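Peer 1: Mind looking at a prediction? Sequence and model below.
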Amino acid sequence: MQITPTENLRVDRDGGLLRLTITRPARMNAIDLASMIEIGDVLTEAATDSSVRVVVLTGEGKAFCTGADVSSPVHDAGGRKGSEIVMDAANRMIRSVVTVPVPVITRINGPVAGVGLSLALAADLIYAAESTYLLMPFINIGLMPDGGATALVAAAVGRVRAAALALLGERLPVAEAAAAGLITKALPDDQLDAHVDAVAGKLARGPRRALELTKASLNAATLTELDAALERETVGQIELMTTSDFIEGATAMLTRRQPNFGS
């Protein structure tokens with residue numbers, strides 16, 4: 001595949017290893033529309049390249065991805081609402097991680113939240129530094145989970161734990177996430193890179209077709225509701241993005257104060 005550097009995403013290739021790094025450290029890798037589109041484009045292309053054996057997703061700097069960048073609004077275009085454009089791009093990004101034939105590893109090097117958590121959990125193997133945390137903050141700004149989170153989290157930890165994460169919007173330390181089965185393993189910060197590299201190397205040397213069929217079979221058995229979840233989340237989120245609660249929640253977050261929800 002041809003690698004084209006972009007402003008939001010660094011794409012590195014080392015033999016069969018394809019590494020995607022979100023490069024918005026000044027925004028704690030909060031993901032904007034362009035970033036979502038670029039990740040979807042790269043993984044869609046990678047799906048047709050038989051020389052790609054494994055993908056690693058990570059973020060530059062001190063965070064993996066802290067969710068959607070609400071400071072970068074998307075304007076309506078071509079008769080479509082900006083919220084619809086963003087949701088479609090986010091859904092395509094998540095689907096590209098799940099459907100790329102080869103194993104995808106998430107390297108969580110710092111806080112991961114919102115749709116960034118959905119992106120991380122869409123991978124097949126998820127490794128995180130012990131110093132970080134996971135967060136589903138949607139409820140805190142008057143929104144619902146998206147990016148397939150309602151299916152991805154529930155598939156990993158069950159309905160009750162998923163409800164606690166989604167409805168309370170509280171930070172989850174990675175040690176608890178690992179114990180609950182939400183991530184593969186929590187590692188000391190100084191061991192994260194070496195461990196991810198070792199796992200990626202093992203997969204890159206593995207039997208590609210067997211890995212493909214194994215991934216496809218596991219996803220078919222456990223993520224049967226993903227497409228339906230993405231559709232439900234899209235409808236619900238587009239509705240919620242028009243409410244006064246979301247305006248209040250987003251404003252409160254940007255001004256670092258507690259929201260005062262009125263509905």
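Peer 2: Cool, got the structure.

Peer 1: Which residues are in contact with I108?
Peer 2: By Cβ atoms under 8 Å, 6 or more residues apart in numbering, the contact list for I108 reads 58, 64, 120, 126-129, 132, 134, 174, 183. For glycine as for every other residue, the C-beta is placed from the backbone atoms N, C-alpha and C.

Peer 1: mind checking the SS state of the residue lying closest to it once chain neighbours are set aside?
Peer 2: In space, and not counting its chain neighbours, I108 is closest to A128: 3.7 Å by Cβ to Cβ, 6 or more residues apart in numbering. Look at A128: counting by DSSP: H, G, I helix; E, B strand; the rest coil, its state is strand.

Peer 1: A128 - how many residues pack around it?
Peer 2: Using other Cβ atoms under 10 Å, the number of residues around A128 comes to 29.

Peer 1: correct me, but it touches A186?
Peer 2: Yes - between A128 and A186 there is a contact at 5.4 Å, judged by Cβ atoms under 8 Å.

Peer 1: list residues touching both of these two?
Peer 2: Common neighbours of A128 and A186 (criterion: Cβ under 8 Å, 6+ apart): 174, 177-178.

Peer 1: just the residues you listed now: which is nearest A90?
Peer 2: A177 (21.6 Å; Cβ to Cβ).

Peer 1: give me the element the closest one is part of.
Peer 2: helix 174-180 (DSSP states H and E).

Peer 1: and A149, how far is that from R257?
Peer 2: From A149 over to R257 the distance is 26 Å, taken as Cβ to Cβ, to the nearest Å.

Peer 1: So if I had to pick from those two, which one is more boxed in?
Peer 2: Neighbours per residue (other Cβ under 10 Å) separate A149 from R257, with A149 holding more: 26 against 9.

Peer 1: list the buried ones in the host helix or strand of I85?
Peer 2: Using DSSP H and E, I85 falls within helix 82-99. For helix 82-99, the neighbour count (16 or more other Cβ atoms under 10 Å) marks 83-98 as buried.

Peer 1: and which of the residues you listed is nearest to V199?
Peer 2: V97 (16.6 Å).

Peer 1: So the closest residue to that closest one other than its chain neighbours versus I94, what's the distance?
Peer 2: Distances taken as Cβ to Cβ, 6+ apart place A122 nearest to V97, at 4.0 Å, with adjacent residues excluded. According to Cβ to Cβ, A122 stands 5 Å off from I94.
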